[in-house]
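> Would you be able to build a 3D model of this:
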Amino acid sequence: MKARPFIRIVRNALHRCHLCLAAAISRRALFREAQRVHSGDHGIQVTPSHGFFLISSLLAFAASSTFAQSALPPSAVRTRSIPGLLSADFSANEEHVAVLTNQAARQAKFTAEIEIWNLSHLSSLAHREMQENEPIPKFHGSYVRFTSDDALLVVYLGTGVIHILRTNSLDELRTIRLDLPAGSIDQFEVSPTLHLLAVHRNLEHAGKLELFDLDSGDSLRSWSTPGGNYSSGSGLAWRNDARAIAVVVPDHIRCTRYGGTVYTFENDSTKRPIIFRVSFLPGNIAFGSDDHLYVAVNSCGGYFAHWAPDLPIYDPATGRQVGMIPGDRVGIRGSIQVSRDKKILLAYADRERTTFEGFEDTLKTSDSQWQTRELPTGKLLSTFPVDAFDFPGYTFDGYRLSSSGKFALVLNSPLQQIHILSFHPKPN
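This is a model prediction of the structure:
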């Protein structure tokens, strides 16, 4: 897949300008993690830094007219407001949705509820209350996942205990208590074929990947992921044969510096992980049908680079880049997921750049949207503007793609809303 020649020339010219000016620019942190983010054309005011605002503005104006992208919208969008919304997931057969909520709104800080909906009508079929021994976090750190055969539901409420339920009755079969301190779980994914769970935890300045057997509750093995900046989170993906797990760790918080490391761990091997480096700040990762690894760019748009990033594709065995899905007017940034049949990609995309408005570095984001793309061609199928969800920038905290890629859900916990998108039939 290649971008149009003129687009490639413009992108390369911008990149060369960035390299030439890098020595003259005194780079400082563009923003702290806690600063608020605005979507659309409203920017973030950040700490004073380098200039060259006139040059960047001229280049932006010259380049902006060369980009174009169009696709069909989703065939349907259904939105539900749910107090205490924490997490959600599709069943593998695409008939049900599991929705996890906390009950703080009714002064029950130690209680959560798991509910099963019929996907066709979004009607409730069953529910169960779950009690914890400490307050359940209101927004982040909770997960619900169906196993690949829909027999089990795996629930985590951010309190150090994993609950394993029987899907058809919501009876609790067993629990798994994480070694203290539980740390912050930033990735939580079930195997694509087996009753296994991979959990990546944030333990101060190091990470821990642990593999659990859901039928016995036993911890099978664990690996450390040293270094990196875990406040930016990590990405995790199961290989298609369920015999290996890839984890990516960024070097720094977003909008400061670039770089990250990808680790691939073999489940039943004592060998050291296969490791390779990426030059950009990495976001989420996903395996394609040929076991090649998609690694989303999560770098901020700078003065001359990363305005609309490509989605690079790697051979994890060698660390060599073997392809890419090119960015156009907007690029794929940070968040991706591939359907279980490996035919559809769900991705967050935007156009982002740094300007010098008001004589301050200002990060501006526009054209925020969710996309679906055909794999392996990368053909754009559907787009849906993030503005339609009233998302303030990057505050979406959950997104899932169904097994065949026909449905996607996006969560916005601060607004307590879940959006379920239905997509047009895939082309033959």
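> Can you list the residue ranges for helices in the stretch 101-250 of the chain?
Using DSSP state H, counting those that start in this stretch, no helices are assigned anywhere in the stretch 101-250 of the chain.
> which residues of it fall in strands?
Taking DSSP state E, counting those that start in this stretch to define them, one finds strands in the stretch 101-250 of the chain at 108-118, 123-131, 143-146, 152-156, 161-166, 172-177, 184-190, 196-203, 206-213, 219-226, 235-238, 244-250.
> And for the stretch 251-400 of the chain?
Under the criterion DSSP E, counting those that start in this stretch, the stretch 251-400 of the chain contains strands at 260-266, 274-278, 282-287, 293-297, 311-315, 320-325, 331-338, 344-355, 362-374, 380-385, 398-401.
> In TSV: the strands of the stretch 101-250 of the chain, plus mean neighbour count.
(C-beta placed from N, C-alpha, C; glycine too.) Supplementary listing: the strands of the stretch 101-250 of the chain in TSV, determined by neighbours: other C-beta atoms under 10 Å:
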stretch	mean neighbour count
strand 108-118	18
strand 123-131	13
strand 143-146	23
strand 152-156	24
strand 161-166	18
strand 172-177	14
strand 184-190	20
strand 196-203	22
strand 206-213	19
strand 219-226	14
strand 235-238	24
strand 244-250	24
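> May I see those arranged in JSON lines, with distance to Val338 and mean pLDDT as well?
JSON lines is the format used below for these (distance: least, C-beta to C-beta, whole Å; pLDDT from 0 to 100):
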{"stretch": "strand 108-118", "distance to Val338": "24", "mean pLDDT": "88"}
{"stretch": "strand 123-131", "distance to Val338": "28", "mean pLDDT": "93"}
{"stretch": "strand 143-146", "distance to Val338": "16", "mean pLDDT": "96"}
{"stretch": "strand 152-156", "distance to Val338": "20", "mean pLDDT": "96"}
{"stretch": "strand 161-166", "distance to Val338": "25", "mean pLDDT": "96"}
{"stretch": "strand 172-177", "distance to Val338": "27", "mean pLDDT": "96"}
{"stretch": "strand 184-190", "distance to Val338": "12", "mean pLDDT": "88"}
{"stretch": "strand 196-203", "distance to Val338": "16", "mean pLDDT": "88"}
{"stretch": "strand 206-213", "distance to Val338": "20", "mean pLDDT": "90"}
{"stretch": "strand 219-226", "distance to Val338": "22", "mean pLDDT": "90"}
{"stretch": "strand 235-238", "distance to Val338": "8", "mean pLDDT": "93"}
{"stretch": "strand 244-250", "distance to Val338": "12", "mean pLDDT": "93"}
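> how about the strands of the stretch 251-400 of the chain in TSV, adding distance to Arg221?
Below are these laid out as TSV (distance: least, C-beta to C-beta, whole Å):
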stretch	distance to Arg221
strand 260-266	9
strand 274-278	16
strand 282-287	20
strand 293-297	22
strand 311-315	25
strand 320-325	28
strand 331-338	25
strand 344-355	30
strand 362-374	35
strand 380-385	39
strand 398-401	27
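> Turn those into JSON lines, including mean pLDDT and distance to Leu85.
Listed next are those as JSON lines, based on pLDDT from 0 to 100; distance: least, C-beta to C-beta, whole Å:
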{"stretch": "strand 260-266", "mean pLDDT": "94", "distance to Leu85": "30"}
{"stretch": "strand 274-278", "mean pLDDT": "95", "distance to Leu85": "33"}
{"stretch": "strand 282-287", "mean pLDDT": "94", "distance to Leu85": "21"}
{"stretch": "strand 293-297", "mean pLDDT": "96", "distance to Leu85": "24"}
{"stretch": "strand 311-315", "mean pLDDT": "97", "distance to Leu85": "29"}
{"stretch": "strand 320-325", "mean pLDDT": "96", "distance to Leu85": "31"}
{"stretch": "strand 331-338", "mean pLDDT": "93", "distance to Leu85": "18"}
{"stretch": "strand 344-355", "mean pLDDT": "91", "distance to Leu85": "19"}
{"stretch": "strand 362-374", "mean pLDDT": "89", "distance to Leu85": "18"}
{"stretch": "strand 380-385", "mean pLDDT": "90", "distance to Leu85": "19"}
{"stretch": "strand 398-401", "mean pLDDT": "90", "distance to Leu85": "9"}
